[in-house]
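Student: Need coordinates for the below:
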Amino acid sequence: MTRTRDVDTETGKPIWRLLETGHADAFHNMALDEAILEAGRDGRVRPTLRLYGWSPPAVSIGYFQRLDEEVHTQTCEDLGIDVVRRITGGGAVLHDKEVTYSVIASETDDSIPRGMLESYKLICAGIIEGLRSLGIEAGLSGNDIVVGSEKVSGNAQNRRWGAILQHGSIFLDADYETMFSVLNVAKEQMNRGNTCMVRGRMTSLRELSGKGPDFRTVSSHLAKGFEKALGIEFSSAEPAKEETERAESLARTKYSTPEWNGRR
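Tutor: Residues are numbered from 1 along each chain as shown. Okay, here's the model as predicted:
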């Protein structure tokens, strides 16, 4: 079913849904993104920007990665860090002090270019606009959003069921010691000279601004950045009951299970 496009009658801009769902555990976070993707596929909800955080901290690995190659699972368990597999690609990420976003829309939504690369760039432009409004000049380099040569945001996109899911992280602060202790990839990349994920080539808003804007402030600026870049307007909402129920089911039967997280 294709949903009729909702448009603001005064501005003529498409109306998207803004979900600010706060902090939750890794299994709920990934499950809710998939539940929203399913609802978007079925045309039951507006295109959606979701902003959220992680509690407790978590490591997410990309869909195609092997858990035992990427993560020190025993260390994660000892530190109380969740581990979860995403349905998007990309590398392993430690999620702690950050704002995470997900953009979910139909592949045929007129606000999003049809091509994957073009849509990826446009969605990342929303983050760049949000950072600019915080006084931080960033740009896109490869798959990463960088300030100078330092990565401040990682992003990944997946398309399935005729819908787009792109999510990513904007680092408020970085705990490099914990990162090195739980991610194999950080040490491997450092040994190979690929320093994209290691100290000195990664940064955070606290390091850039010296004071570290808080979660709510960054979320507000990101929402405005997405509105500007995509030419849309947001209407704040809560997840629909069926999305919440579906997320609870997916968290229990998929994202918290060793069958999903250790499948490769």
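Student: Every contact and neighbour count from this point should use C-alpha atoms.
Tutor: Noted.
Student: Would you work out how far apart the start and end of stretch 210-219 are?
Tutor: 18 Å (CA to CA, to the nearest Å).
Student: cool, and stretch 131-146?
Tutor: Length of stretch 131-146, first residue to last, CA to CA: 11 Å.
Student: Which positions within it qualify as buried?
Tutor: Using 16 or more other CA atoms under 10 Å as the test for burial, stretch 131-146 gives 131-132, 134, 138-140, 143-146.
Student: Pick out the most distant pair among those residues.
Tutor: Across the buried residues of stretch 131-146, the longest distance by CA to CA is 21.6 Å; it joins 134 and 143.
Student: the strands in the stretch 151-264 of the chain, which residues?
Tutor: Applying DSSP state E, counting those that start in this stretch to the stretch 151-264 of the chain gives strands spanning 163-171, 233-237.
Student: can you put the ones you listed in CSV and add distance to residue 251, mean pLDDT and mean neighbour count?
Tutor: Compiled in CSV, the strands of the stretch 151-264 of the chain are given as follows (distance: least, CA to CA, whole Å; pLDDT from 0 to 100; neighbours: other CA atoms under 10 Å):
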stretch, distance to residue 251, mean pLDDT, mean neighbour count
strand 163-171, 18, 94, 23
strand 233-237, 22, 96, 16
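Student: Show only the entries of the buried residues of stretch 131-146 found in helices.
Tutor: Residues of the buried residues of stretch 131-146 located in helices (DSSP state H): 131-132.
Student: re the thing from before, can you redo the strands of the stretch 151-264 of the chain as JSON lines with distance to residue 98?
Tutor: Shown next, in JSON lines, are the strands of the stretch 151-264 of the chain (distance: least, CA to CA, whole Å):
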{"stretch": "strand 163-171", "distance to residue 98": "4"}
{"stretch": "strand 233-237", "distance to residue 98": "21"}
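Student: And these: which comes nearest residue 214?
Tutor: strand 163-171 (10.8 Å).
Student: ok, residue 18 to residue 39 distance?
Tutor: Applying CA to CA, the value for residue 18 to residue 39 is 15 Å.
Student: Next: residue 210.
Tutor: In terms of CA to CA, residue 210 sits 40 Å off from residue 39.
Student: and what of residue 55?
Tutor: Between residue 55 and residue 39 the computed distance is 25 Å (CA to CA).
Student: more neighbours, the two?
Tutor: residue 39 (21 against 16; other CA atoms under 10 Å).
Student: ok, now which ones touch the more buried one?
Tutor: 45, 243 (CA atoms under 8 Å, 6 or more residues apart in numbering).
Student: mind checking the SS state of it?
Tutor: Per DSSP: H, G, I helix; E, B strand; the rest coil, the secondary structure class of residue 39 is helix.
Student: Contacts for stretch 166-180 next, please.
Tutor: Taking CA under 8 Å, 6+ apart as the rule, stretch 166-180 contacts 88, 94-104, 120, 123, 152-158, 186-187, 198-199, 203-207, 212-215.
Student: burial count for residue 177?
Tutor: Neighbour count of residue 177, defined by other CA under 10 Å: 9.
Student: For residue 163, give the beta-bridge partners.
Tutor: residue 106, residue 160 (DSSP bridges).
Student: where in the stretch 101-250 of the chain is pLDDT low?
Tutor: For the stretch 101-250 of the chain, applying pLDDT under 70 flags the ranges 185-200.
Student: what do you get if the cut-off is 80, keeping everything else the same?
Tutor: Low-confidence segments of the stretch 101-250 of the chain, defined by pLDDT under 80: 185-201, 211-212.
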